[in-house]
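Undergrad: Sharing a model that was predicted from the sequence below.
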Amino acid sequence: MALVDRYILRQIVLSFVLVTGVLTAVVWLTTALRQIELVASQGQTFVVFLRITALAMPMLVMHLSPFALFIALVFTLNKLNGDSELVVLSASGVSQARLLRPVVMVTAILAGAVWVLTLFAVPATLREMRQAFVDVKLDLIGNLAQPGRFTSLEPGLTFHIRDRAPDGSMTGIFVDDKRDPQTHMTYVAARGVIARTPLGTFLVMEDGEIVRRNPATDQTSIISFDRYGFNLSSFVSTFRFSEFPPPERWTGELLTLMARPDIDPRLAGRIRGEFHDRIVNPLYLVAFALFAFAALGRARTTRQTRNVGVVYAILAVVALRVLGFGASGLAQREAWAVGHIYVVPHAGIA
């Protein structure tokens with residue numbers, strides 16, 4: 001690699017890292033402020049808050065990388081021209097194609113990294129984020145049942161426990177359920193635990209009784225039990241594998257689902273759009289990089305303005321991405337429009 005390649009590459013990479021860091025931090029901070037409820041009202045630690053919000057970082061980097069590369073290239077090329085370095089290179093016989101080489105190199109590396117993020121890392125972190133929210137809600141239910149306190153999960157449902165063991169099990173359980181106006185249920189158990197199963201989340205109580213009373217007739221019945229599961233699934237968002245939305249599914253799974261004829265048409269459209277978006281997503285880095293180079297890659301004197309080229313490049317970037325979103329939405333509704341998803345970035349590159 002020639003000295004000029006290393007110099008330009010270093011300038012581009014440093015600018016890209018700085019711009020990506022700033023953009024990601026701004027968007028992450030906006031996202032994190034929405035999740036501050038985890039600490040403020042749900043009793044979670046700041047570490048849990050940071051872990052959940054950090055899981056959104058790969059998705060943010062994936063979406064922001066094309067724009068960050070464009071801004072980095074505009075800044076770098078403008079700086080090189082402002083310092084008359086492009087003029088010197090051009091006077092030394094360096095052609096446009098030769099000057100484009102470091103831009104292509106860094107763009108190819110970033111496009112490969114974004115492709116890995118899109119196909120593998122982003123679905124994995126989105127799944128992990130969803131599971132983290134489920135764990136938070138499950139932990140919330142466990143924390144609500146504080147020893148010696150009557151706690152209400154919702155109007156008409158009251159919990160009370162006498163004590164909690166270090167392993168998480170509870171003793172002296174009392175549950176009063178008045179949510180159904182036709183039947184008043186009271187559960188009393190010697191001990192119990194909160195268990196998460198494939199069927200849902202349950203408060204599993206042992207050695208207790210159920211007191212059922214009809215408020216209208218005042219009739220009461222008592223049922224003894226050795227073990228009983230009180231369903232808490234309505235308070236905990238549990239998701240089965242088949243319920244993951246398309247952005248959280250593995251890429252191979254999307255491809256398999258696209259081949260199934262019995263899938264719901266609306267879900268099939270979302271899966272189709274998500275799969276093809278993942279394939280073409282890195283191409284936007286290439287298109288945006290070429291837009292920036294076309295606007296500022298040619299040496300200009302101090303008397304020649306570069307602002308017009310920058311404005312045209314920005315308009316081209318915005319127009320191309322809007323067309324990409326439109327093509328993706330159309331492909332979700334109509335299968336014949338899938339080709340448009342590929343036409344848009346290739347047209348930008350061309």
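TA: Cool, the structure landed.

Undergrad: quick check: longest helix of the protein.
TA: With secondary structure taken from DSSP state H, the chain has its longest helix at helix 3-34.

Undergrad: which helices and strands does that helix pack with?
TA: Using 3 or more Cβ pairs under 8 Å, 6 or more residues apart in numbering; DSSP states H and E, the elements in contact with helix 3-34 are helix 46-54, helix 57-82, helix 96-116. Every C-beta, even on glycine, is put in place using the N, C-alpha and C of the backbone.

Undergrad: Centre of the chain to that helix, how far?
TA: Chain-centre distance of helix 3-34: 20 Å, with Cα atoms, centre = their mean, to the nearest Å.

Undergrad: the inter-axis angle of that helix versus helix 96-116?
TA: Taking axes from the mean of the first three to the mean of the last three Cα atoms, to 10 degrees, one finds that helix 3-34 is oriented at 30 degrees with respect to helix 96-116.

Undergrad: Low-confidence ranges, the stretch 1-150 of the chain, go.
TA: Confidence mapping of the stretch 1-150 of the chain against pLDDT under 70 gives the ranges 1, 34-45, 136-146.

Undergrad: now do 80
TA: Applying pLDDT under 80 to the stretch 1-150 of the chain flags residues 1, 31-49, 131-146.

Undergrad: and residue 216, what are its phi and psi?
TA: Phi and psi for residue 216, reported as degrees, to the nearest 10, are phi -70, psi -40.

Undergrad: quick one: pLDDT of the closest residue to it other than its chain neighbours?
TA: Nearest non-adjacent residue to residue 216, counting by Cβ to Cβ, 6 or more residues apart in numbering: residue 182, 7.5 Å away. If you check residue 182, the pLDDT there is 89.

Undergrad: So what's the residue count around residue 182?
TA: Under the neighbour criterion other Cβ atoms under 10 Å, residue 182 is assigned a count of 7.

Undergrad: What ranges does the stretch 101-250 of the chain have for its helices?
TA: Here the stretch 101-250 of the chain has its helices, by DSSP state H, counting those that start in this stretch, at 122-144.

Undergrad: distance of residue 214 from residue 180?
TA: In this view, residue 214 and residue 180 are 10 Å apart by Cβ to Cβ, to the nearest Å.

Undergrad: same question but for residue 338, I mixed them up
TA: According to Cβ to Cβ, residue 338 and residue 180 sit 50 Å apart.

Undergrad: which one of those two has more residues nearby?
TA: residue 338 (17 against 10).

Undergrad: Give me the nearest residue to that one, chain neighbours excluded.
TA: Nearest non-adjacent residue to residue 338, counting by Cβ to Cβ, 6+ apart: residue 331, 4.8 Å away.

Undergrad: List the residues that contact the one you found.
TA: If you count contacts by Cβ atoms under 8 Å, 6 or more residues apart in numbering, residue 331 has them with 269, 272-273, 276, 337-338, 340-341.

Undergrad: how about TSV for the residues you listed, with pLDDT added?
TA: Shown next, in TSV, are the contacts of residue 331 (pLDDT from 0 to 100):
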residue	pLDDT
269	93
272	94
273	94
276	96
337	94
338	94
340	96
341	96
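
Undergrad: Out of the residues you listed, the closest to residue 102 would be?
TA: Checking these against residue 102 by Cβ to Cβ gives residue 341 as the nearest, at 29.5 Å.

Undergrad: mind listing what's buried in the helix or strand hosting the closest one?
TA: Secondary structure from DSSP states H and E places residue 341 in helix 338-349. Residues of helix 338-349 classed as buried: 338, 340-341, 344-345, 348 (neighbour count, 16 or more other Cβ atoms under 10 Å).

Undergrad: Turn these into JSON lines, columns for distance to residue 14.
TA: Below are the buried residues of helix 338-349 laid out as JSON lines (distance: Cβ to Cβ, whole Å):
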{"residue": "338", "distance to residue 14": "38"}
{"residue": "340", "distance to residue 14": "36"}
{"residue": "341", "distance to residue 14": "33"}
{"residue": "344", "distance to residue 14": "30"}
{"residue": "345", "distance to residue 14": "26"}
{"residue": "348", "distance to residue 14": "26"}
